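Asks: Sharing a model prediction with you, sequence too.
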Amino acid sequence: MDQDKIMVYKAVVIPTLLYWTPYKDLIKKMNSFHLRSLRQICRIQWTDMIPNYEVLQKCKIGGIESFLIKNQLRWVGHTLRMSNERIPKMLMYGELTNAPRKVGRPLLRYKDKLKSNLKALDIDLHGWEEVSKQRDQWRFQTHSKVNAFEQQRIQKMKQSRLQRKLRSHSVSSPLPTGYSCPVCGKVCRSAAGLGSHRRSHR
């Protein structure tokens, strides 16, 4: 039953969620919604102490960033296979001749985000356009690269969680320092605290 719900979620919710071109802060919010929805579908409570990567593995689904990259590369390959007279391809390669840009760091363009995603997947920036013209080859390369990217991301999450656990276990409790009560031996942090504590022995 849960797998049927996940299939509906992938077919209906995720395409709606990926309608926008997001920045990092929006990707974090989308990822939070993604994981929260999967936990509700699988009836996983926060008290179960199940990490996010185990939720993804249980649902047999990737993170929201993998969906974003896969959809972008699929659309880019579809656009590059169009004829040069098609409007989407003209918009992708076209530039305005007289368009002053604002002072400061400009907003990221679609091509800028595409370039960063290609680098993240370790795809050749000079030969990817020729590969994308072969639909089956491009599809196989993008799927394999995205799957490897998702596995690396999950591995980093596991290592980060393990390091947090090791740090929590390695930090020993601090030795008591301060002012010791001569009557019962209780250690107070300050002289004023010791004076207040000694009045309890009167």
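Replies: Received, thanks.

Asks: Please count neighbours and contacts with C-alpha atoms only from this point.
Replies: Fine.

Asks: Any idea which helix or strand in the protein has the lowest mean pLDDT?
Replies: Sorting the helices and strands of the chain by mean pLDDT, DSSP states H and E puts helix 14-17 at the bottom, at a mean of 78.

Asks: Name the residues of the next helix or strand after that one that are buried.
Replies: Note on helix 14-17: by DSSP states H and E, the next helix or strand toward the C-terminus is helix 24-41. Going by neighbour count (16 or more other C-alpha atoms under 10 Å), the buried part of helix 24-41 is Ile27, Met30, Asn31, His34, Leu35, Arg36, Leu38, Arg39, Ile41.

Asks: quick check, nearest of those to Leu80?
Replies: Nearest to Leu80 among the buried residues of helix 24-41, counting by C-alpha to C-alpha, is Ile27 at 26.1 Å.

Asks: And Lys158, what's its pLDDT?
Replies: We have a pLDDT of 89 for Lys158.

Asks: Can you point out the helix or strand that includes it?
Replies: helix 135-170.

Asks: Please apply the same query to Thr97.
Replies: Here Thr97 is covered by no helix or strand, with elements defined by DSSP H and E.

Asks: burial measure for it, as a count.
Replies: Taking other C-alpha atoms under 10 Å as the criterion, the count of residues near Thr97 is 6.

Asks: Kindly report the same for Tyr23.
Replies: Tyr23 has 10 neighbouring residues, counting by other C-alpha under 10 Å.

Asks: Would you double-check that His126 falls in a helix?
Replies: No: under DSSP: H, G, I helix; E, B strand; the rest coil, His126 sits outside any helix and is assigned coil.

Asks: related to what we said a few turns ago, how about a markdown table for the buried residues of helix 24-41, with pLDDT and distance to Cys59 added?
Replies: Formatted as a markdown table, the buried residues of helix 24-41 follow (pLDDT from 0 to 100; distance: C-alpha to C-alpha, whole Å):
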| residue | pLDDT | distance to Cys59 |
| --- | --- | --- |
| Ile27 | 87 | 20 |
| Met30 | 89 | 17 |
| Asn31 | 90 | 15 |
| His34 | 91 | 12 |
| Leu35 | 92 | 10 |
| Arg36 | 92 | 12 |
| Leu38 | 91 | 7 |
| Arg39 | 92 | 9 |
| Ile41 | 91 | 9 |
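
Asks: Most widely separated two among the residues you listed?
Replies: Ile27 and Ile41 (20.9 Å).

Asks: Spatially, what comes nearest to His143 if we skip its sequence neighbours?
Replies: Lys70 (7.2 Å; C-alpha to C-alpha, 6 or more residues apart in numbering).

Asks: what about that neighbour, which helix or strand?
Replies: Using DSSP H and E, Lys70 sits in helix 64-80.
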